[in-house]
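# okay, predicted coordinates and the sequence, questions at the end:
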Amino acid sequence: MSEALTLSAETREQVGKGASRLLRREGRVPAVIYGNKQDPASIHVNERELMKLLMTGHFMNSVVMVNGERTLPKDVAFDPVSDRPVHVDFLRISEHASVTVNVPIIFADEEESPGIKRGGVLNIVRHDLELVVDAAEIPDDVTISLKGVDVGDSIHISNITLPKGATSAITDRDFTIATIVAPSALKSSEGDVETETQTEAPEAEGGE
């Protein structure tokens, strides 16, 4: 389970592009906290502190305590040239709120996959899963075993045992997560091997 992160913030007295540029020159990043039936709060955070949290690799699927207020990061905007963070959106949540997060996938047991042993290639369609979970029980990742998976096999969401209390945010189809694809050498020696190489476009996040 992802542990809550901590970030200090100060109230933004002025808003607008000019005020935001001035904050960034001072090493601060403009941000806003919204949701939970409360008025939005304009704040700014220390860029170095924010970068440390971003470098953890699980900032976007962790609860972040901002000045003691429980939030979930919803969006981080970066400068296209410098790649520095220029704005952050935080969503207020209660301790056991139901939240939607993207959780990274880890593939395990490659050595127990007949398909990979035969030279097959793991074709990853999705690198993370969009899950609905309790805010206090956000998983760090979802591990998927490749044990027994052969060339031409596909792993769908219906094949996965999700962490306790978690459900897929996508419920209208049994989407593909990964497949084992035959290399050309194997195809030529055994004839045409039908493999599923379907890829899906990422789901568009709904705006808050």
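Looks like it came in fine. Quick caveat, the model's predicted, so the values are computed rather than measured.
# so where is this structure shaky, pLDDT-wise?
The chain contains residues with pLDDT under 70 at 1-2, 184-208.
# quickly list the domain ranges of it.
Using automatic domain parsing, the domain ranges for the chain come out as 5-93, 99-190.
# just put the ones you listed in TSV and tack on mean neighbour count.
From N, CA and C alone the C-beta is placed, and that goes for glycine too. What follows is these, written out as TSV (neighbours: other C-beta atoms under 10 Å):
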stretch	mean neighbour count
domain 5-93	16
domain 99-190	16
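# quick one: the helices in the protein?
For the chain, the helices defined by DSSP state H occupy 17-25, 47-54, 114-117, 184-190.
# closest to Ala135 out of these?
When these are compared by C-beta to C-beta, helix 47-54 sits nearest Ala135, at 17.0 Å.
# which residues sit against that closest one?
The contact list for helix 47-54 (C-beta atoms under 8 Å, 6 or more residues apart in numbering) reads 5, 7-8, 24, 27-29, 59, 64, 76, 84-85, 88.
# okay, angle between that helix and helix 17-25 too, please.
On the basis of axes from the mean of the first three to the mean of the last three C-alpha atoms, to 10 degrees, helix 47-54 is oriented at 80 degrees to helix 17-25.
# now could you export just the CA positions of helix 47-54 as PDB?
The C-alpha coordinates for helix 47-54 follow below in PDB (Å, rounded to 0.1, in the frame of the first residue of the first chain):
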ATOM      1  CA  GLU A  47       9.600  23.100  -6.300                       C
ATOM      2  CA  ARG A  48      12.400  21.000  -4.700                       C
ATOM      3  CA  GLU A  49      10.000  19.300  -2.200                       C
ATOM      4  CA  LEU A  50       7.600  18.600  -5.100                       C
ATOM      5  CA  MET A  51      10.400  17.200  -7.300                       C
ATOM      6  CA  LYS A  52      11.400  14.800  -4.500                       C
ATOM      7  CA  LEU A  53       7.900  13.500  -4.300                       C
ATOM      8  CA  LEU A  54       7.600  13.200  -8.100                       C
END
